[in-house]
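*Asks:* What shape does this take:
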Amino acid sequence: MAPSSAPHSDTGIVERARELRPFIRERARILVDRAVADSRSGQVDLVEVFDPLPSTVIAHMLGVPSDLEDRFRTWSDELLDAQNAQGAASLSEAHPEFARYVQSLIDEHRAANPASDGTDDELRALFAEAQAAKAFVNEAAARIVERALALSGGAGYVNGSPLARAYRDVKAGSFMHPLGANRAYDYLAHVALGEQPSLH
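*Replies:* The predicted model follows:
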């Protein structure tokens, strides 16, 4: 497995985010078309329809094979549930199967690159792309949920509503580490200007 488009420059990170838009729109269209086709009443739950989208985008950016996207989404959901139940558990504790998969990717990379895990520039570019992906997905998820709330009306804010839970979850995403939203935008701004920001 390899990232679907490895970063080559700071400008490339911005371009990469733009390149993702057609993929996201196409996947969103597929999800909506499928939901409408499967609906007997002609009505669909937008939260449920778009639930797979963030993990699908992340999997695509990480280079996860398409035949593993559903499994990746399941792992992501199970990992979040385990972390919510156990607190700040490590990946290996929260989800051993997912941890083994990630470790296999690391081992595969190191076997192919025994001399180095990458240059400093390559690692900075990869970290910046990950931050760009996180910020982009968080913003997209928030817009989707906010639109769903606007369509559902006040009932969406009631405790126990799936929309209320989704709203809380997407808002929490912005300050999950690394990095929190403010630091992520600051970091990406420096990268876009061709600077080398510090993480300390």
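*Asks:* From residue 172, how far out is residue 93?
*Replies:* Separation of residue 93 from residue 172 (Cβ to Cβ, to the nearest Å): 21 Å. (C-beta placed from N, C-alpha, C; glycine too.)
*Asks:* Please report the distance of the residue nearest to the spatial centre of the chain from residue 189.
*Replies:* Using Cα atoms, centre = their mean, the residue of the chain that lies closest to the mean C-alpha position is residue 58, 4.0 Å off. Computed as Cβ to Cβ, the residue 58 to residue 189 distance reads 22 Å.
*Asks:* got it, and residue 107?
*Replies:* For residue 107 relative to residue 189 (Cβ to Cβ), the value is 35 Å.
*Asks:* same question, residue 50
*Replies:* From residue 50 over to residue 189 (counting by Cβ to Cβ), the distance is 29 Å.
*Asks:* biggest helix in the protein by residues?
*Replies:* Of all segments of type helix in the chain, defined using DSSP state H, the longest is helix 120-152.
*Asks:* immediately after it, which helix or strand?
*Replies:* Per DSSP states H and E, helix 120-152 leads on to helix 162-173 as the next helix or strand towards the C-terminus.
*Asks:* So for that following helix, what gets flagged as buried?
*Replies:* Using 16 or more other Cβ atoms under 10 Å as the test for burial, helix 162-173 gives 163-164, 166-167, 170, 173.
*Asks:* so can I have TSV of those residues showing pLDDT and distance to residue 97?
*Replies:* Converted to TSV, the buried residues of helix 162-173 look like this (pLDDT from 0 to 100; distance: Cβ to Cβ, whole Å):
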residue	pLDDT	distance to residue 97
163	80	30
164	81	30
166	80	26
167	81	30
170	79	26
173	72	23
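*Asks:* Redo these as TSV? Include distance to residue 134.
*Replies:* Shown next, in TSV, are these (distance: Cβ to Cβ, whole Å):
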residue	distance to residue 134
163	23
164	23
166	18
167	18
170	12
173	8
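*Asks:* and which of those residues is nearest residue 64?
*Replies:* For the buried residues of helix 162-173, the residue nearest residue 64 by Cβ to Cβ is residue 173; the value is 19.3 Å.
*Asks:* where does this protein have low pLDDT?
*Replies:* For the chain, the stretches with pLDDT under 70 are 1-17, 42, 80, 82-92, 94, 117, 175-178, 181, 199-200.
*Asks:* any idea how far the residue nearest to the centre of the chain is from residue 38?
*Replies:* 25 Å.
*Asks:* Just the residues contacting the helix or strand harbouring the residue nearest to the centre of the chain, thanks.
*Replies:* Secondary structure from DSSP H and E places residue 58 in helix 53-62. Contacting residues not belonging to helix 53-62 are listed as 1, 3-4, 20, 23-24, 27-28, 31, 68-69, 72-73, 76-77, 129, 133, 136-137, 140-141, 144 [Cβ atoms under 8 Å, 6 or more residues apart in numbering].
*Asks:* and what of stretch 156-174?
*Replies:* 45, 47-48, 134, 137-138, 141-142, 144-146, 148-149, 152, 155, 180-181.
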